[in-house]
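Student: no sequence for this one, just the structure:
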């Protein structure tokens with residue numbers, strides 16, 4: 001399975017904790033991430049992640065292109081709904097693409113936990 005990993009700045013620690021907890025599952029899949037999130041997760045785990053640009057610099061759009069081309073099966077996007085994001089149109093575009101192409105998207109840790117119960 002090809003899994004995209006994205007987290008807003010205030011959710012990066014939560015994503016790292018999630019990836020550490022599920023490292024034994026994630027290691028069996030192809031992982032893609034926006035730049036900062038991917039590098040931080042790799043520093044905290046032994047996971048190998050293909051990193052794109054950071055979200056504000058186009059990383060969300062790069063992952064969106066993979067979604068549109070059928071190259072992503074699951075998106076973990078821990079978003080911070082209480083902080084304005086300078087690249088909000090990109091974020092909304094990625095959410096729209098996940099709906100258009102029927103790609104499961106977890107926007108918070110509890111939804112991601114539910115998805116991972118099915119991957120075990």
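Tutor: Everything's here; your move. Just so we're clear, the structure is a prediction, and the values are computed from it rather than from any experiment. Numbering: from 1, shown residues only.

Student: residues near residue 66, how many?
Tutor: 18 (other Cβ atoms under 10 Å). To be clear about C-beta, it is placed using only N, CA and C from the backbone, and glycine gets the same treatment.

Student: ok, now the one 4 residues further on?
Tutor: Residues contacting residue 70 under the criterion other Cβ under 10 Å number 10.

Student: low pLDDT regions in this structure?
Tutor: Within the chain, no range satisfies pLDDT under 70.

Student: longest single helix anywhere in it?
Tutor: Taking DSSP state H as the criterion, the chain has its longest helix at helix 88-100.

Student: distance from that one to the middle of the chain?
Tutor: 13 Å (Cα atoms, centre = their mean, to the nearest Å).

Student: can you list the residues that contact that helix?
Tutor: The contact list for helix 88-100, computed with Cβ atoms under 8 Å, 6 or more residues apart in numbering, reads 6, 55-56, 58, 60-61, 63-64, 67-68, 75, 77, 79, 85, 103-105, 107.

Student: switch to 7 Å and redo it
Tutor: 55, 60-61, 63-64, 67-68, 75, 79, 85, 105 (Cβ atoms under 7 Å, 6 or more residues apart in numbering).

Student: which of the three states applies to the residue nearest to residue 44 when sequence neighbours are not counted?
Tutor: Once flanking residues are discounted, residue 44 sits nearest to residue 16: 4.8 Å by Cβ to Cβ, 6 or more residues apart in numbering. The three-state label given to residue 16 by DSSP: H, G, I helix; E, B strand; the rest coil is helix.
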